[in-house]
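Sequence and predicted structure are below.
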2 protein chains.
Amino acid sequence: MAGVNRYRADLRDHRFVLFEQFKLGDILGKGIYEAWGPDEVDSILKEAYRFSCDVTGPLCASADREGCKLENGKVMTPHGFHEAWGRLYEAGFKALGVSPDHGGSGAPACVQLLVEEMLSGSNTAFNMYPGLAFGAGELIAETGTDDQKHRFVENMITGKWGGTMCLTEAHAGSDVGATRATARKQPDGRYKIKGTKVFISCGEHDLAENIIHMVLARIEGAPPGTKGLSLFIIPKYRITPDGRSEGSNDVTCTSIEHKMGINGSATCVLNFGDNDDCVGELCGGVEHQGMAQMFRMMNGARIAVGVQGIGLMGTAYLNALDYARERKQGASIERWKDPTAPRVPIIQHADVRRMLLEMKAKVEGTRALGVKLAMHTDQKKIETDPDKAAYHQGQVEVLTPLIKAYGSDQAFRVCELAIQVLGGVGYCQDFPVEQYCRDAKIFSIYEGTNHIQAMDLVGRKLGMAGGAHLQAFVGDVAAFVSKHQGDPDFGTAIQTLDEAQAAVLGGAMMMMGWSGSGKLSLIPLAANRYLEMMAELAVGWLLLEQAVIAREAASKLEASHPDRAFYEGKRHAALYFARNILPGVAFKGKLLAAEDTSATDIAVESFATL
Amino acid sequence: MAGVNRYRADLRDHRFVLFEQFKLGDILGKGIYEAWGPDEVDSILKEAYRFSCDVTGPLCASADREGCKLENGKVMTPHGFHEAWGRLYEAGFKALGVSPDHGGSGAPACVQLLVEEMLSGSNTAFNMYPGLAFGAGELIAETGTDDQKHRFVENMITGKWGGTMCLTEAHAGSDVGATRATARKQPDGRYKIKGTKVFISCGEHDLAENIIHMVLARIEGAPPGTKGLSLFIIPKYRITPDGRSEGSNDVTCTSIEHKMGINGSATCVLNFGDNDDCVGELCGGVEHQGMAQMFRMMNGARIAVGVQGIGLMGTAYLNALDYARERKQGASIERWKDPTAPRVPIIQHADVRRMLLEMKAKVEGTRALGVKLAMHTDQKKIETDPDKAAYHQGQVEVLTPLIKAYGSDQAFRVCELAIQVLGGVGYCQDFPVEQYCRDAKIFSIYEGTNHIQAMDLVGRKLGMAGGAHLQAFVGDVAAFVSKHQGDPDFGTAIQTLDEAQAAVLGGAMMMMGWSGSGKLSLIPLAANRYLEMMAELAVGWLLLEQAVIAREAASKLEASHPDRAFYEGKRHAALYFARNILPGVAFKGKLLAAEDTSATDIAVESFATL
């Protein structure tokens, strides 16, 4: 089999998650989703898949090899990106989830999420440019003044202008509060900005007429730390009163990074105000609210990183599956000693199947977790009961760090397994999986490292609303457990789920106890493990829910119906996860309880003597 | 801090493992090791470290970026490799472990292993060329005729000629028995070879005057499968009777692979006999013994892959440690709410320390496992009691798949953690860790995938000699447990070790039960997990042994002695592993006992409906 490099998605699973698991049909055709029915959803998914296969997917490998080039302060993106950018906005995918008030299609967030899975999965690097433009536009739509919304948002949603988020500085990565960029108020109410931002994704490029930078800086005299930061809108080219881009705004790209992956995405060092001529306007006209404002974009970006993970692990899995079905090697286990036995496709070998089923369970479970999060967003929008709306918002809060961290960690694991399934060719650039693996490694780092996600979960989200969000989450799992315990097919798995649920609740109690008893320093040591426990609980639950739904659906089909095989797959994925990964939740709970402090006990000089 | 790209090793740990843990001093100065004393060992380690820092290390990144070039059938290796090759052989490192009979220095294998750790860790790609030349030379030394030994070995050990191992064909990767390369006997007793080999590491290059290919092929009329394979010595250039290389031997490099990593190592497609003019000689003059002969080289190569893993994870850990000590970010946890608090080195943050200690434990534990294996080789050589010699050989058999698979898997994990410790800069090429991660990914695939290692362990090694090797291994652990149970510092950890030991023994019994009760198909599903259990047991044991030794040694030192910090580190690494990883052995034993068959139950068409 010759090397192939193609994007792959499983639309049947998309439809299953949307309509069979999360009952999207119940909210379509009503209220703000009046224009959307199942056929519209189906057709947009198909279009997005076709676009991903035909337009962005074919540029994935070539953009990786070519990379971006910086010449005289201008970044040239890889061959084909400019045309793809035009076609993307022509097709309207980026306006999908935007409210019709801003010229969008008003699709449910869960539909938008699956479209993003495909756009991003087919070409992670490319999709960062429109992704950041969208996020920055949305940030202005949510926090800007009416005048700012009017001047910026539409151009940023329609691809006329790009956008960025500028937080990081050389000495302020995870520690955003150490930001040194400054803003000095001018007589006209605008600000002169001075500072250098690093690791700015898509900070400079040739795809759009202008780039709108959303920049955190400290107004002169503001307090230190995050509380003194304000958010500024800083266009690359100044905007004339009639909305044209004209004249430099003293923003310079001085270098781009050479990276392990996402080479088509320009990661820039940006200097603001080298010539003291960089002008920004205060977003929303309010001072010292920068962190709170930026968090709106960051929350979206964190979910988007989880979706990047789902996208890459999805196509990595399906590429490995394609290969395993076609590649012949070795005899079947029954005849392994017979050298004349026919060679079989490697999917016949137990270990290859084990790897594929692990990938399938993780991909489909993480996808379900992402769609669940988006469905809570959708439900919250249409919910009239404030308690129920608060419940949905609470789940969004709790699930955001889970999808970001678990989605990114597992994307790397699944891509690694894809390489292993392909073997030697998986390590070569003829097949896409080695690139997927390289591209995926950044997900655990940017938009807040996965430890920051874990601290967000245990330090902020668990305690929010008096712990109500965690209780609601665990309560939903418990309701599922009590409904299905003793199930003939899944009883043992449900029992494991119940133990996992108890461990997650118990872990939260334990950490609360630490806070109250002078053991606060145990919490950062425990946070990553706790996040993983909770994510595995969520994924195990959602996979078992899928299995129960699939069993019911299959029972209504004739034996020859092609969906029966699909539904059967749900059973095996759920059982695999329940037997191999879910038991790890309670196990990890026991490790937490051991309160190991070796990592903080060890002296710095004891790590190595050199 | 500017980007740095430097090789790092911890010679204090090397000396600790050799002399304090494995008592190398006891065998030095006697018999075949008469010429070697502690000072000689120490000085060769220092020399190898200096060489790795000064000669091979500085070429690591540049060779990765430059890669190899194929033009008109000739491979050009990266800039600097030719000079490094010359200096390597001048320094005598490759002759270190070679018997003085073949012009070598006769150093113990455990010393050679640590020298290889440094050579390989400083530049994985470069070290493959001399590594394969050495392995191929050793193969002839062990299995060739006297005449072949005389003509080939010295030139291959001294760097005049290179060498390769040619097993894989496009349709015969893991399935070596499917080899199609043929050999036709000529009237002069030599053979005409025809066939194409793929993924041949260092199959063609410009570093040596000739390259000696060790090739598996099937003599016409031989049976199918591995039993019909013979081993041929096929020089790139024919050898004249007086030992000069002269005239082509019809071996052509038709392409080289573009890979995720080890870009300085040419991975070649080699055509033998395109013009029906490729002549090989039968190694050792015996037919149909090719697999058995090649396994000698493969066993060495498998250990060498484990050592490649130790090399990369070692330098990845120390590079992350250097960074974490110097890079300032954020305030200490006690003052995290105070934006005016001084910024601290990130090693002060709990999660960074947790990652570093996990890396340290894995690096030092896997290194100890490698040295233990080599020490069994050394002991076997000098042992006069045949039972004890058989014990040592048995441990080599059992530990070989462990070091290959665990060393490679953990190398990738540790490199991944190194990237995470560095954060955004870890993803960039200014620091070496992203390359380490890319280079390391191949280790789990080549020289027999890690599943093949796992099947070698459970299908061959456990049952060898009636299970004696496993029993001896577990018995050694049990003796340590019984000696130290109830220890005031390590009692709980020793208890965990005991449970792990029971789980490993229990797992072996369980698999034996499966073989006898028609559940044979469970074994390949369980094999990888079982190998990991046994490797973790071994590493946990060796780390605890180190901790006990270190405690004793520290008690004899003044409080201000610099070694005290080193010894303290041993305690924390052992406790971290015992509390966070070792409990997983018994846990995984329970997962095995669940006899999950979901991966073999699922139908091929149920993986995805596309």
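Noted; the coordinates are in hand.

Any idea how far apart the tips of stretch A:445-453 sit?
Stretch A:445-453 has its terminal residues 10 Å apart, counting by C-alpha to C-alpha, to the nearest Å.

typo on my end, stretch A:226-246
End-to-end distance for stretch A:226-246: 33 Å, by C-alpha to C-alpha.

so what's the closest residue to chain B within the stretch 151-300 of chain A up against?
Across the stretch 151-300 of chain A, the shortest distance to chain B (C-beta to the nearest C-beta) belongs to residue A:225, at 2.6 Å. Using the backbone N, CA and C atoms, a C-beta is placed for each residue, glycine as well. For residue A:225, the contact set (C-beta atoms under 8 Å, 6 or more residues apart in numbering or on different chains) comprises A:177, B:339, B:340.

Could you pick out the buried ones from the residues you listed?
Using 16 or more other C-beta atoms under 10 Å in any protein chain shown as the burial test, the contacts of residue A:225 include A:177, B:339 as buried.

Reformat the contacts of residue A:225 as CSV; add pLDDT.
Shown next, in CSV, are these (pLDDT from 0 to 100):
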residue, pLDDT
A:177, 91
B:339, 87
B:340, 89
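
Show me the contacts of residue A:225 that map onto helices.
Using DSSP state H, the subset of those located in helices is empty.

for the contacts of residue A:225, which one is nearest residue B:401?
residue A:177 (49.9 Å; C-beta to C-beta).

what about that closest one, distance to residue A:413?
32 Å (C-beta to C-beta, to the nearest Å).

And for residue A:593?
In terms of C-beta to C-beta, residue A:593 sits 26 Å off from residue A:413.

more neighbours, those two?
Neighbours were counted for residue A:593 and for residue A:413 using other C-beta atoms under 10 Å in any protein chain shown; residue A:413 has more, 18 against 13.

Quickly find the element holding the more buried one.
If you go by DSSP states H and E, residue A:413 is part of helix A:386-422.

Which other helices and strands does that helix contact?
helix A:290-326, helix A:350-382, helix A:433-440, helix A:450-455, helix A:468-484, helix A:522-555 (3 or more C-beta pairs under 8 Å, 6 or more residues apart in numbering or on different chains; DSSP states H and E).

mean confidence for it?
The average pLDDT for helix A:386-422 rounds to 98.

Stretch A:603-610 too?
On average, stretch A:603-610 scores 92.

Kindly export it (C-alpha atoms) in CSV.
Extracted in CSV, the C-alpha atoms of stretch A:603-610 (Å, rounded to 0.1, in the frame of the first residue of the first chain):
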residue,chain,number,x,y,z
ALA,A,603,15.9,19.2,48.0
VAL,A,604,16.7,20.9,44.8
GLU,A,605,20.4,19.8,45.0
SER,A,606,19.3,16.1,45.4
PHE,A,607,17.8,15.8,41.9
ALA,A,608,21.3,15.4,40.4
THR,A,609,24.8,16.3,41.4
LEU,A,610,25.9,18.4,38.5
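
Check which residues of it are buried.
Going by neighbour count (16+ other C-beta under 10 Å), the buried part of stretch A:603-610 is A:606, A:607, A:608, A:609.

what does stretch A:59-73 give?
Those would be A:59, A:60, A:61, A:63, A:64, A:66, A:67, A:68, A:70, for stretch A:59-73 by 16+ other C-beta under 10 Å.

can you put these in JSON lines and add pLDDT, secondary structure and distance to chain B?
Output for these, formatted as JSON lines (pLDDT from 0 to 100; DSSP: H, G, I helix; E, B strand; the rest coil; distance: C-beta to the nearest C-beta, whole Å):
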{"residue": "A:59", "pLDDT": "97", "secondary structure": "helix", "distance to chain B": "18"}
{"residue": "A:60", "pLDDT": "97", "secondary structure": "helix", "distance to chain B": "15"}
{"residue": "A:61", "pLDDT": "97", "secondary structure": "helix", "distance to chain B": "11"}
{"residue": "A:63", "pLDDT": "97", "secondary structure": "helix", "distance to chain B": "16"}
{"residue": "A:64", "pLDDT": "98", "secondary structure": "helix", "distance to chain B": "11"}
{"residue": "A:66", "pLDDT": "98", "secondary structure": "helix", "distance to chain B": "14"}
{"residue": "A:67", "pLDDT": "98", "secondary structure": "coil", "distance to chain B": "11"}
{"residue": "A:68", "pLDDT": "98", "secondary structure": "coil", "distance to chain B": "14"}
{"residue": "A:70", "pLDDT": "98", "secondary structure": "strand", "distance to chain B": "15"}
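
Now those residues in CSV, please, with extra columns for distance to residue A:218.
Output for the buried residues of stretch A:59-73, formatted as CSV (distance: C-beta to C-beta, whole Å):
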residue, distance to residue A:218
A:59, 39
A:60, 39
A:61, 42
A:63, 36
A:64, 37
A:66, 38
A:67, 34
A:68, 30
A:70, 28
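
what's the residue nearest to residue A:113 when sequence neighbours are not counted in contact with, if anything?
The shortest distance from residue A:113 to any non-neighbouring residue, by C-beta to C-beta, 6 or more residues apart in numbering or on different chains, is to residue A:374 (4.4 Å). Residue A:374 is in contact with A:108, A:109, A:110, A:112, A:113, A:303, counting by C-beta under 8 Å, 6+ apart.

most surrounded residue in these?
That'd be residue A:113 among those, by other C-beta under 10 Å, with 28 neighbours.

Which element, helix or strand, includes it?
Here residue A:113, judged by DSSP H and E, is contained in helix A:109-122.

what distance separates stretch A:166-176 from the centre of its chain?
When distances are taken as C-alpha atoms, centre = their mean, to the nearest Å, stretch A:166-176 is centred 21 Å away from the chain's centroid.

what's the answer for stretch A:279-297, then?
In terms of C-alpha atoms, centre = their mean, the gap separating the centre of stretch A:279-297 from the centre of its chain is 24 Å.

Given the helix or strand of chain A with the lowest mean pLDDT, what are its sheet partners and their directions?
In chain A, the helix or strand scored least confidently by mean pLDDT, DSSP states H and E is strand A:245-248, which has a mean of 90. Strand pairing for strand A:245-248, determined by DSSP bridges: strand A:237-239 (antiparallel).

Which residues are in contact with residue A:511?
A:458, A:462, A:522, A:523, A:526, A:530.

do you know how far whatever residue of the stretch 251-400 of chain A ends up closest to chain B is from residue B:245?
Going by C-beta to the nearest C-beta, chain B is nearest to residue A:339 of the stretch 251-400 of chain A, at 2.6 Å. According to C-beta to C-beta, residue A:339 stands 37 Å off from residue B:245.

Not counting its neighbours along the chain, what's nearest residue A:134?
In space, residue A:134 is closest to residue A:94, 5.4 Å off (C-beta to C-beta, 6+ apart).

Let me fix that, I meant to ask about residue A:129.
Nearest residue to residue A:129 in three dimensions, chain neighbours excluded: residue A:202, at 4.8 Å (C-beta to C-beta, 6+ apart).

Ok, residue A:582 next?
Nearest to residue A:582 is residue A:540, by C-beta to C-beta, 6+ apart, at 4.0 Å.

hmm, back to that, quickly name whichever of the contacts of residue A:225 is closest to residue B:241.
Set against residue B:241, the nearest of these by C-beta to C-beta is residue A:177 (77.6 Å).

Quick one: residues contacting the closest one.
Counting by C-beta under 8 Å, 6+ apart, residue A:177 has contacts A:224, A:225, A:226, A:227, A:229, B:339.

and the strand or helix carrying residue A:233 with helix A:290-326, angle?
Following DSSP H and E, one finds residue A:233 within strand A:229-235. If you take axes from the mean of the first three to the mean of the last three C-alpha atoms, to 10 degrees, strand A:229-235 sits at 70 degrees to helix A:290-326.

how about strand A:229-235, does it reach chain B?
No - Strand A:229-235 does not reach chain B (C-beta under 8 Å from any C-beta of the partner chain); its nearest approach is 10.4 Å.

What pairs with that strand, parallel or antiparallel?
Strand A:229-235 has these strand partners (DSSP bridges): strand A:210-219 (antiparallel), strand A:279-282 (antiparallel).

and the ones you listed as JSON lines, adding mean pLDDT and mean neighbour count?
Formatted as JSON lines, these follow (pLDDT from 0 to 100; neighbours: other C-beta atoms under 10 Å in any protein chain shown):
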{"stretch": "strand A:210-219", "mean pLDDT": "98", "mean neighbour count": "26"}
{"stretch": "strand A:279-282", "mean pLDDT": "97", "mean neighbour count": "22"}
